[in-house]
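Student: Pasting the sequence and the predicted model now:
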Amino acid sequence: MKILILGAGAIGGYVGGRLQQSGADVTFLVRPARSEALQRDGLVIKSTKGDVTQKVKTVLKGGDGGPYDVVLLTCKAYDLDSAIEAIAPAVGPNTTIVPLLNGMRHLDVLDAKFGKDKVVGGLARVGIAMSAEGTILHTSPFAAISFGERGAAPARASLVELDAAIRKSGIDGGLNPNIVQDLWDKWIMLCSLAATCCLMRGSSGDILEADEGQAIVLETVEEGHKVAAAAGHDPGDKGMQTIRSFLTVKGSRFTASMLHDLEKGAMVEADHVVGDMIARAKKAGIATPNLRVAYAHLQVYLARRSRLG
Amino acid sequence: MKILILGAGAVGGYWGARMHQSGVDVTFLLREKRAETVKRDGLVVKSPRGDATLPVKVVTKASDGGPYDVIILACKGYDLDSAMDAIAPAVGANTTIVPILNGHIHFATLDARFGADKVAGGLARISGMLGPNGEILHSGANGVSFGERGAKPARAALVELDAACRKAGIEGGLNPDIDQDLWDKWIMLGSIASMCSAMRGSVGDIMASDDGKAIMNEILEECRQVAAAAGHAPSEKALAAVRGSLTQKGGKAVASILGDMEKGGAVEGKQIVGDMLARARKAGIAAPNLRFAYAHLQTYEARRARGALK
């Protein structure tokens, strides 16, 4: 099985690096500067699960080195359009696209471009960053990706093969028959965390120090919960309890990565993670007063960012 | 009339400097370090209305040089306790304290400490900041407003202070309805400080978001309702003026609290936003947006306290 990975950033670099290390046939589709650096230095991973530097295959165009059985898409949501353009030549009749993005909206966009049958569900749960020099820094004790068919059909052969490759590579997760529910669960959590951390500009624990911080966090979770339920993907009591307790740990230094991006002056997935949740709520007639204010905060950030350059 | 001014910051310093220039008997109560600088270099004012370097009177203890007829208190709300300790020795039987603080919460504290009859109402509309060498960088607005609370006839000291302001070219002065003016300013400040801090942007940045204008108008309405519940609803005209400046497309206006936050400084969150929210609650007014803003400010303070600001 041939795997193409779009980007060799934090997630793509780590997953692709581990897959290759365990013998999988991996190619990275990257920009010229990244390609040069990878040719020169190799792909460097510093990880709680062991460091490794290895030579990797890179291509500059999706049309090179194919056809590919699986394309792993690890871009940010705001880069989705250019990512689609980049991978399009690599997508043949038997290619499966596994997007590892937050939220849900990218699935509609990918479906429209490539056809629903080519696109499966996928998500990453990793604590990984990339240094300015391009080193993949995996500092957390976990690294998992999961993926699966979005409907009730049994997993296609390429996903079963990908599952085997992931297991061999030591990455957690793998094939998930309930990937769509998993995507919603993660989105509710991420949307609440990103909305509150950014609106309040603090860690989860800082917010809980405010008189009504906990109430605001729980209301925000409930807004996402209602949207998921309206879509037929209520996480259920246990799933919701997991999310709530995760976000209400007193003293927690846990922070949405979106807040780090905000404080670096970087681009943020505001529309994808928060805006789209509000859009779905509106369609379903659900009020989202907290997400509304958080989204306004993000839009103000983006306005100021473009004003100040 | 002898006037004591606590501190020589942008507001009290500017006001005092102009009065000093026009021959009013003004003394500044300063900390040792600031006193040394001002004694050595004079009080330096850079202003579109004229620069000046003034050999002003300085004391480091309020018991020196008194008794004073008027004490102008232009500290930040979070410094009120230490400011009260500093001025206490200067407060005699006939002293009037004119606090120039934001919000309302300081009145209860001052009244309890010195007696309500000694405390007048006051506010400043002076814009400026301190430069790196302690010079006052005045940037425009040049007004003050003070008077008896409860619309009583003004005592002699306030009438005299009014005359001193006129002589000094300071606009405004004695205001027979200082209570309303305090509320009008607080409504404006409560709204802009809430929004600029919680949204981390200028009025124009806020207006660039889909719901920014709506949220700004809602928060202004929350503040208006609190003022109305206190018997101080702003006039239609005053409200329209505030609304216009707070919803100006591309508006450069920004609350100074945002600058303080971006420097990692202390903020008057409780005085400007928290107390407005508390009053809303007491009066049964729903104030969802003030609630977000105050949570934002409290989160900021928690993060600042643990030394983790970016």
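Tutor: In hand now; what should we look at?

Student: Get me the contact residues on the stretch 151-300 of chain A for chain B.
Tutor: Contacts of the stretch 151-300 of chain A with chain B, taken as C-beta under 8 Å from any C-beta of the partner chain, map to A:199-203, A:205-207, A:209-213, A:216, A:263, A:289-290, A:292-293, A:295-297, A:299-300. For the C-beta atoms, the positions are set from N, CA and C on the backbone; glycine is no exception.

Student: can you do 6 Å?
Tutor: By C-beta under 6 Å from any C-beta of the partner chain, the residues of the stretch 151-300 of chain A that approach chain B are A:200, A:202, A:206-207, A:209-210, A:212-213, A:216, A:263, A:292-293, A:296-297, A:299-300.

Student: Can you say which of these are buried?
Tutor: Buried members of these, counted by 16 or more other C-beta atoms under 10 Å in any protein chain shown: A:200, A:202, A:206-207, A:209-210, A:213, A:216, A:292-293, A:296-297, A:299-300.

Student: Among the residues of the stretch 151-300 of chain A next to chain B, which pair sits farthest apart?
Tutor: Greatest spatial distance in these: A:209 and A:299, 26.2 Å, computed using C-beta to C-beta.

Student: Where is the longest strand in chain B?
Tutor: Taking DSSP state E as the assignment, the strand of chain B that covers the most residues is strand B:136-147.

Student: Dump that one to CSV, restricted to CA.
Tutor: Included here for strand B:136-147 are C-alpha records, laid out as CSV according to Å, rounded to 0.1, in the frame of the first residue of the first chain:
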residue,chain,number,x,y,z
ILE,B,136,3.0,64.3,31.5
LEU,B,137,2.1,63.7,27.9
HIS,B,138,-1.2,65.4,27.5
SER,B,139,-3.0,64.5,24.3
GLY,B,140,-6.2,66.5,24.2
ALA,B,141,-9.3,66.5,26.3
ASN,B,142,-9.0,69.1,29.0
GLY,B,143,-12.1,68.9,31.2
VAL,B,144,-13.1,68.0,34.7
SER,B,145,-16.4,67.8,36.5
PHE,B,146,-17.2,67.9,40.2
GLY,B,147,-19.9,68.8,42.6
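
Student: Give me the residues contacting the helix or strand following it.
Tutor: Next in sequence after strand B:136-147, counting helices and strands by DSSP states H and E, comes helix B:156-168. For helix B:156-168, the external contacting residues (C-beta atoms under 6 Å, 6 or more residues apart in numbering or on different chains) are B:1, B:18, B:19, B:22, B:24, B:69, B:70, B:96, B:173, B:174.

Student: Now do helix B:156-168, average pLDDT.
Tutor: Mean pLDDT, helix B:156-168: 97.

Student: picking up where we left off before, which one of the residues of the stretch 151-300 of chain A next to chain B is nearest residue A:112?
Tutor: Checking these against residue A:112 with C-beta to C-beta, the nearest one is residue A:299 at 25.3 Å.

Student: if you skip the residues just before and after it, what's nearest to that closest one?
Tutor: Distances taken as C-beta to C-beta, 6 or more residues apart in numbering or on different chains place residue B:209 nearest to residue A:299, at 3.4 Å, with adjacent residues excluded.

Student: show me what contacts residue 194?
Tutor: Looking at chain A here, since you left the chain open. Contacts of residue A:194 by C-beta under 6 Å, 6+ apart are A:256, A:258, A:273.

Student: let's do chain B instead
Tutor: Counted by C-beta under 6 Å, 6+ apart, residue B:194 has contacts B:219, B:273, B:293.

Student: Quick check: the gap between the closest residue to chain A within the stretch 1-150 of chain B and residue B:277.
Tutor: Of the residues in the stretch 1-150 of chain B, the one nearest chain A is residue B:105, at a distance of 15.8 Å by C-beta to the nearest C-beta. Counting by C-beta to C-beta, to the nearest Å, the separation of residue B:105 from residue B:277 is 12 Å.

Student: More neighbours: which of those two?
Tutor: Ranked by neighbour count (other C-beta atoms under 10 Å in any protein chain shown), residue B:105 and residue B:277 place residue B:277 first, with 25 against 19.

Student: part of a helix, is that one?
Tutor: Yes - assessed with DSSP: H, G, I helix; E, B strand; the rest coil, residue B:277 lies in a helix.

Student: which one is it nearest to, not counting chain neighbours?
Tutor: Leaving out its chain neighbours, the residue that sits closest to residue B:277 by C-beta to C-beta, 6+ apart is residue B:290, at 4.5 Å.

Student: tell me which element that neighbour is part of?
Tutor: Assessed by DSSP H and E, residue B:290 sits inside helix B:288-305.

Student: packing partners for that helix?
Tutor: If you count contacts as 3 or more C-beta pairs under 6 Å, 6 or more residues apart in numbering or on different chains; DSSP states H and E, helix B:288-305 packs onto helix A:204-209, helix B:178-199, helix B:212-229, helix B:275-282.

Student: how big is the angle separating the last one from helix B:288-305?
Tutor: The reference is to helix B:275-282. Using axes from the mean of the first three to the mean of the last three C-alpha atoms, to 10 degrees, the inter-axis angle of helix B:275-282 relative to helix B:288-305 is 130 degrees.

Student: Same check on the second one?
Tutor: Orientation note: helix B:178-199 sits at an angle of 70 degrees relative to helix B:288-305 (the same axes, to 10 degrees).

Student: Helix or strand next in line after helix B:178-199, which one?
Tutor: Counting by DSSP H and E, what follows helix B:178-199 is helix B:203-207.

Student: Report whether that following helix contacts chain A.
Tutor: Yes - using C-beta under 6 Å from any C-beta, helix B:203-207 reaches chain A at B:205, B:206.

Student: Report the mean confidence score over that helix.
Tutor: 98.

Student: returning to what we had before: among the contacts of residue A:194, who's most crowded?
Tutor: Highest count within these by other C-beta under 10 Å belongs to residue A:273, 27 neighbours.

Student: Relative to chain B, how far out is that residue?
Tutor: Using C-beta to the nearest C-beta, to the nearest Å, residue A:273 is found at 16 Å from chain B.
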